[in-house]
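Trainee: model this:
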Amino acid sequence: MQITFLGTGTSHGIPVIACDCETCQSNNPKNKRNRTSIHIKSEKYNLLIDTPPEMRLELVNNNIKKVDAVLMTHAHADHIMGFDDIRALNWYQEKEMPVYADPGTLEHIKRIYPYIFSDNNPGGGVPQVVLKEIEAKFKLQDLNIKAVPIYHGDNLILGYRINNFAYLTDCSKIPEESFELLEGIEYAAVDALRYKEHPTHMSVDQAVDLVNKLGLKHGYLTHMSHRVEHEDLVKYLPDNVSPAFDGLVIEV
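Mentor: As a prediction, the model looks like this:
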């Protein structure tokens with residue numbers, strides 16, 4: 001299973017508008033972070049998680065032409081505002097796109113993009129999507145998927161377990177019952193906003209603690225802010241944890 005980190009940045013993206021900090025002004029491409037998303041490719045299926053504002057650029061930059069389905073974690077702007085770009089995939093693949101999410105996120109999608117679901121939409125193309133309420137566990141070809149409830153501050157959103165990998169972005173805490181859903185995974189992408197603790201995201205140290213608690217072979221940090229400079233973070237982290245970066249491809 002091949003995983004491509006399409007974006008690894010927080011809601012502002014990196015560089016942040018009007019910011020002169022070291023990370024935002026860095027020439028290191030690993031400090032340039034689009035909003036967070038990943039693409040998963042198995043032998044039989046291609047899966048996209050979230051549709052961030054830079055979705056078009058992320059897919060173009062990584063030469064990704066195939067997406068069989070989309071999983072949504074939640075409906076915050078940095079995870080949903082590229083949704084309209086699904087229509088280009090419709091045109092290329094000549095088929096509708098199934099989109100899986102919890103009921104609240106599906107309602108947000110309908111409210112944010114009413115024209116997609118309206119019978120009165122003269123002119124212009126719209127994404128051809130089939131909204132599907134997420135099941136606790138289901139299978140898409142050779143991908144075994146479990147929806148993993150996680151806390152994003154006071155909000156309960158979704159992480160995902162896909163085979164031996166888990167995607168846990170926008171996470172401040174994991175409910176005890178969700179740890180059972182993560183038993184046996186070997187790799188994970190874990191939210192790590194900054195070094196200092198934050199009410200709605202894990203800090204770097206909290207993310208490392210989670211990687212160790214899960215007993216992973218390796219953890220990859222994502223959803224990082226401009227408070228985190230890539231090379232400094234590499235030096236800070238233990239050997240079993242790495243900062244992801246836009247365009248990173250791993251095999252798990």
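
Trainee: May I have the phi/psi pair for the most centrally placed residue in the chain?
Mentor: Nearest residue to the geometric centre of the chain (Cα atoms, centre = their mean): S37, 3.4 Å. Backbone torsions of S37, given as degrees, to the nearest 10, read phi -170, psi 160.

Trainee: What of E58?
Mentor: The phi/psi pair for E58 (degrees, to the nearest 10) is phi -60, psi -40.

Trainee: With just CA atoms, put stretch 134-154 into PDB.
Mentor: Once non-C-alpha atoms are left out, stretch 134-154 reads as follows in PDB (Å, rounded to 0.1, in the frame of the first residue of the first chain):
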ATOM      1  CA  ILE A 134     -19.900   6.100   7.000                       C
ATOM      2  CA  GLU A 135     -20.100   2.700   8.500                       C
ATOM      3  CA  ALA A 136     -18.100   1.700  11.500                       C
ATOM      4  CA  LYS A 137     -16.100  -0.700   9.300                       C
ATOM      5  CA  PHE A 138     -16.300  -1.600   5.700                       C
ATOM      6  CA  LYS A 139     -14.200  -2.800   2.800                       C
ATOM      7  CA  LEU A 140     -13.300  -1.200  -0.500                       C
ATOM      8  CA  GLN A 141     -11.700  -3.900  -2.600                       C
ATOM      9  CA  ASP A 142      -8.400  -4.700  -0.800                       C
ATOM     10  CA  LEU A 143      -8.700  -1.900   1.700                       C
ATOM     11  CA  ASN A 144     -10.200  -2.700   5.100                       C
ATOM     12  CA  ILE A 145     -11.400   0.500   6.600                       C
ATOM     13  CA  LYS A 146     -12.500   1.400  10.200                       C
ATOM     14  CA  ALA A 147     -13.800   4.800  11.200                       C
ATOM     15  CA  VAL A 148     -12.000   5.800  14.300                       C
ATOM     16  CA  PRO A 149     -13.700   8.500  16.500                       C
ATOM     17  CA  ILE A 150     -11.200  11.000  17.800                       C
ATOM     18  CA  TYR A 151     -11.500  14.400  19.600                       C
ATOM     19  CA  HIS A 152     -10.700  17.600  17.800                       C
ATOM     20  CA  GLY A 153     -11.100  19.800  20.900                       C
ATOM     21  CA  ASP A 154     -14.600  19.200  22.100                       C
END
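
Trainee: Any buried residues in it, and which?
Mentor: Buried residues in stretch 134-154, defined by neighbour count with 16 or more other Cβ atoms under 10 Å: 134, 140, 143, 145-148, 150-152. No exception for glycine: its C-beta is placed from N, CA and C like everyone else's.

Trainee: Which residues are in contact with M97?
Mentor: 67, 69-70, 86, 89-90, 127-130 (Cβ atoms under 8 Å, 6 or more residues apart in numbering).

Trainee: next one: F5
Mentor: 38, 189, 220, 222, 244-250.
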